[in-house]
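[1] fold the following and give me the result.
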Amino acid sequence: SKTAMLRYHDISTGTFIAQHNTGYGSCHVMNQNYHNGVIHCGHSNGVVTMWSPTMGKCLVSMMTHRGPVSSLVIDPSGNHMVTSGQDGQVKVWDLRMFKKLHSYRTKKAVTSMDISQRGLLALGFGSNATIWKDCISIRADQPYLKHNFNNQCQVRTLKFRPYEDLLGVGHDYGYSTLLVPGAGEPNIDTFSANPFETNKQRRESEVKALLDKLQPNTIALNPSFVGAVDDDPNALDKEMKEQMEEANKDSKPKKKKEKKKTRGKNKNTRKLINKQINVVDRKKMRMREKMAEDKANEKKKSKNSLLKREAEQAPTALLKFYNKR
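    Prediction:
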């Protein structure tokens, strides 16, 4: 809407689920990726955002055009997105890498687009409707089909009819149907969709769809996590430890350099002190003599104390030898 608000409602129960403020300006283009259920919104500033009901912020934001986004469509596989803008460009994007593959240019801004079940791309701009074949995965050189309406008849919207080679075009003068060979899927899978189902089959399919319905918190960019089994946490811890041990074996320990803790070694006072250490004067000689004398006295005292201890422990018959010492 113009207020840039995105609201989710559960149509099966009628309950309100979530509301998000996109924050990228007014949004007039919106489509859903049927592969993972993510909503794609095209804004007036050329940005395309992707949303899920459980996230308050957009999952991905992509700058696609320099002007407002006029239309966007996602292919049935959910791997590619095609966008068109007021700058007259049509761009094909890879949703697995969020990268632009190639682009096309039209005379006027594209007002409506659609992709058939077989991958044909239909563009409606001005009074023209063009169909491109094999143009998504690789770049096509020219359109597959062209149809020009009256110059005063502007194309408003177009849509492929599933399982049929028909393209419906809505314009100012009403509605027209174009025959497009190879647009519809020829092989019908009744388990996913049955165009020839009866009223009873339709009621049963609706009940089954409600029973198989997934909760909104399962909508994510990667839908493969639904139904997956978590790995054993003990096995994950063991694998992580093995990887850490292998990484430690490969890396050699670096030797740490010992830091010199001397401070101020380049100062003048420190240089003067170092010079005075090597100078021998009278005071230093007296100190050395006194230290040598104290050392000799200490040695003599320790020797006398040792003899005294031995004399105390010796027998009385040997005391006369200790007294002579």
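[2] tell me where the model's unsure across the stretch 151-300 of the chain.
    225-231, 250-267, 275-280 (pLDDT under 70).
[3] just the helices in it please.
    For the stretch 151-300 of the chain, helices defined by DSSP state H, counting those that start in this stretch occupy the ranges 199-211, 233-250, 268-277, 282-313.
[4] for Gly56, which of these is the nearest?
    Within these, the stretch nearest Gly56 is helix 199-211; the backing value is 28.0 Å (Cβ to Cβ). Where C-beta positions appear, they are placed from N, C-alpha and C, glycine not excepted.
[5] ok now that closest one, how far from the chain's centre?
    38 Å (Cα atoms, centre = their mean, to the nearest Å).
[6] show me what it is in contact with.
    12, 194, 197 (Cβ atoms under 8 Å, 6 or more residues apart in numbering).
[7] returning to what we had before: okay, the helices of the stretch 151-300 of the chain in JSON lines with mean neighbour count next?
    Formatted as JSON lines, those follow (neighbours: other Cβ atoms under 10 Å):
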{"stretch": "helix 199-211", "mean neighbour count": "10"}
{"stretch": "helix 233-250", "mean neighbour count": "10"}
{"stretch": "helix 268-277", "mean neighbour count": "10"}
{"stretch": "helix 282-313", "mean neighbour count": "10"}
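[8] in a markdown table: these, plus distance to Gly67.
    Shown next, in a markdown table, are the helices of the stretch 151-300 of the chain (distance: least, Cβ to Cβ, whole Å):
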| stretch | distance to Gly67 |
| --- | --- |
| helix 199-211 | 39 |
| helix 233-250 | 48 |
| helix 268-277 | 73 |
| helix 282-313 | 92 |
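[9] relative to Val155, which of those helices is closest?
    helix 199-211 (32.6 Å).
[10] which other helices and strands contact the helix or strand where Asp114 lies?
    Asp114 is part of strand 112-115 when elements are defined by DSSP states H and E. Packing contacts for strand 112-115, counted by 3 or more Cβ pairs under 8 Å, 6 or more residues apart in numbering; DSSP states H and E, involve strand 69-74, strand 80-85, strand 121-125, strand 155-160.
[11] and those as JSON lines, adding mean neighbour count and distance to Ser103?
    Below are the helices and strands packed on strand 112-115 laid out as JSON lines (neighbours: other Cβ atoms under 10 Å; distance: least, Cβ to Cβ, whole Å):
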{"stretch": "strand 69-74", "mean neighbour count": "22", "distance to Ser103": "14"}
{"stretch": "strand 80-85", "mean neighbour count": "25", "distance to Ser103": "10"}
{"stretch": "strand 121-125", "mean neighbour count": "25", "distance to Ser103": "13"}
{"stretch": "strand 155-160", "mean neighbour count": "18", "distance to Ser103": "20"}
